[in-house]
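**Student:** this is the structure alone, sequence omitted:
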């Protein structure tokens, strides 16, 4: 019993440490984002609590010597790129995983070829792509060369997620649909896809987030119209101001808001399904 | 009428179905009994078009369907694990085939609803249409799976161990219901099972499958009373099988000597049904036409309406005797008791070295 409690203390300590390391940086960043501006810098102590840096990010602050973050266009670019990457990678990943459900000749080689895309170091891949593009006279753009590399990078993730999903998928359910006279294409739309949809969602989320904050590949292949991570990196070169932290807090809040909406929708649909069942039971009794 | 001719299929060089031919008549309940590994699932998959045979043809009402994809065959397939669509309600599961099939789909929603309601009445799912399939019991899932298939009016309905996952109580009820449902629709059921009592109880005709071959096709009572081979006798699980050989007109099996009738000179196996032996005092010599052996009592098992006694015979094998309590009161033995078990020779079966049943003639007036 004594040993059990000491083990419990160790585990509690370990968990606390884990949480501190996980959320500590964000908490510090959040606190510093309320630093007084424009003189206050990204360090303690807090001179005075203010929302100056938030106004600065959103463009409401009076003009000062600190340049506004160059995020407007970069943000649009990053979101567009991430969205396009998400669609293409998820589509490719799902189709490839579907192909892997039957053991075809050379499937082992194909598997490693696909997975290679996430194994090769990003810097090498980016540099290589830049060289190839120059060699062939292709202009380096965020929607061209960088987009291709983003897909090469995120497609294996989507593929692996979908492979795991299909691994657990009960093939006999599709066979049941065929036996009812429903052809394979329609079976995929009506039976397979609705069942793998949660997996498709996670594959999409993977591809979206990986592409959104992708750095090394984009750095070399994105051309002079930069994406969000490159733009933020660019501001480091001069001087770091708490407006970066304010921006970080805002994007994090935005992600949380999305998750809350998603969670609410899920629990609502579950509650509706339950209500439907209990309604039936009342009818019967 | 469905006809299978010379079907063969092997996996990795191992033969699963070997030169199997079979006729399935219209409006009959056909059961197929096969132990696990006998190829019964393979056979169903070939018929359903989920696998392609290496040789042979399948025809349905004169049309060759061997190469037709599953969704064009017009056969129903009720899977062992039910394979319901988990994201749909019970009613949507049942209506799925009608709405989505490629041949003559039903687009009139009122028609679909009417037919779904009628089918739910038939299989006993009244009032459950709006439930999700995760919220119903195993027996109800079985009914949904059946209803979903039957509503598409298949020419032949394949059932893969449909009662396997149900508890005993439910299984007995479904046995009766399956027969009734089949009769009211006039559709052919091709029911595959590894359970001998299920196969015997349900079929109008019965097939015994062994190592990819149909070794006997006959009505269940014939299969039970006169198994064609010693393997069939084993599968129906109601015979003591003694293995030995005939020397000097007597069957020898270990220390055991048993008389052999005319035509039984090639006997290799003798099968004694569990319910034929009667208990006699030790040392009793059988009358003419009687056979018997002396055995040591091991244990007994009370099964409700009957008692099963286990003995060790002189041949060293376990010998089972079954007594129905409606015919006689149970007898109590203690372990180690020696008993003589006697039976009329005319009620035993004789098989030759290939396992085929021998036609024997018994001396008249012997029993």
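**Tutor:** Cool, got the structure. Keep in mind it's a predicted model, so treat the numbers as computed, not measured. Residues are numbered from 1 along each chain as shown, chains lettered A, B, ... in the order given.

**Student:** now the residue nearest the centre of chain A. Nearest residue, chain neighbours left out?
**Tutor:** Centroid-nearest residue in chain A, with Cα atoms, centre = their mean: residue A:209, separated by 1.6 Å. Residue nearest to residue A:209 in three dimensions, not counting chain neighbours: residue A:82, with 7.8 Å by Cβ to Cβ, 6 or more residues apart in numbering or on different chains. C-beta here means a position set from N, CA and C on the backbone, and glycine is covered the same way.

**Student:** contacting residues around that neighbour?
**Tutor:** Going by Cβ atoms under 8 Å, 6 or more residues apart in numbering or on different chains, residue A:82 touches A:150, A:207-209, A:211-212.

**Student:** just the closest of these to residue B:66, please.
**Tutor:** When the contacts of residue A:82 are ranked by distance to residue B:66 (Cβ to Cβ), residue A:207 comes first, at 43.7 Å.

**Student:** next one: phi and psi at that closest one?
**Tutor:** Note on residue A:207: its backbone torsions stand at phi -60, psi -40 [degrees, to the nearest 10].

**Student:** and the residue nearest to residue A:209, how far from residue A:120?
**Tutor:** Relative to residue A:120, residue A:82 is positioned 21 Å away (Cβ to Cβ, to the nearest Å).

**Student:** got it, and residue A:147?
**Tutor:** Residue A:147 is 17 Å from residue A:120, where distance means Cβ to Cβ.

**Student:** re the thing from before, the residue nearest to residue A:209 sits in which helix or strand?
**Tutor:** helix A:72-99 (DSSP states H and E).

**Student:** for residue B:9, helix, strand, or coil?
**Tutor:** With DSSP: H, G, I helix; E, B strand; the rest coil as the basis, residue B:9 sits in strand.

**Student:** contact partners for the nearest residue to it once chain neighbours are set aside?
**Tutor:** Nearest non-adjacent residue to residue B:9, counting by Cβ to Cβ, 6+ apart: residue B:17, 4.4 Å away. Contacts for residue B:17 (Cβ under 8 Å, 6+ apart) come out as B:7-10, B:39, B:42-43, B:46, B:53, B:212.

**Student:** in the stretch 101-250 of chain B, which residue sits nearest chain A?
**Tutor:** Nearest residue of the stretch 101-250 of chain B to chain A: residue B:101, at 3.1 Å (Cβ to the nearest Cβ).

**Student:** quick check: which element contains the spatially closest residue to that residue that is not a sequence neighbour?
**Tutor:** Using Cβ to Cβ, 6+ apart and skipping the chain neighbours, the partner closest in space to residue B:101 is residue A:181 (3.1 Å). Assignment of secondary structure by DSSP H and E places residue A:181 within no helix or strand.

**Student:** which residues of the stretch 101-250 of chain A lie near chain B?
**Tutor:** Residues of the stretch 101-250 of chain A lying near chain B by Cβ under 8 Å from any Cβ of the partner chain: A:170, A:172-173, A:175-184, A:186, A:190-191, A:194-195.

**Student:** can you say which of those are buried?
**Tutor:** The neighbour-count test (16 or more other Cβ atoms under 10 Å in any protein chain shown) marks A:172-173, A:175-183, A:186, A:190-191, A:195 as buried among those.

**Student:** of all pairs in those, which one is the farthest apart?
**Tutor:** Of all pairs in these, the most separated under Cβ to Cβ is A:181 and A:195 at 19.6 Å.

**Student:** below-threshold pLDDT in the chain: ranges please.
**Tutor:** You didn't say which chain, so I picked chain A. A:1-3, A:269, A:272-285 (pLDDT under 70).

**Student:** I was after chain B.
**Tutor:** Low-confidence segments of chain B (pLDDT under 70): B:281-288, B:363-367.
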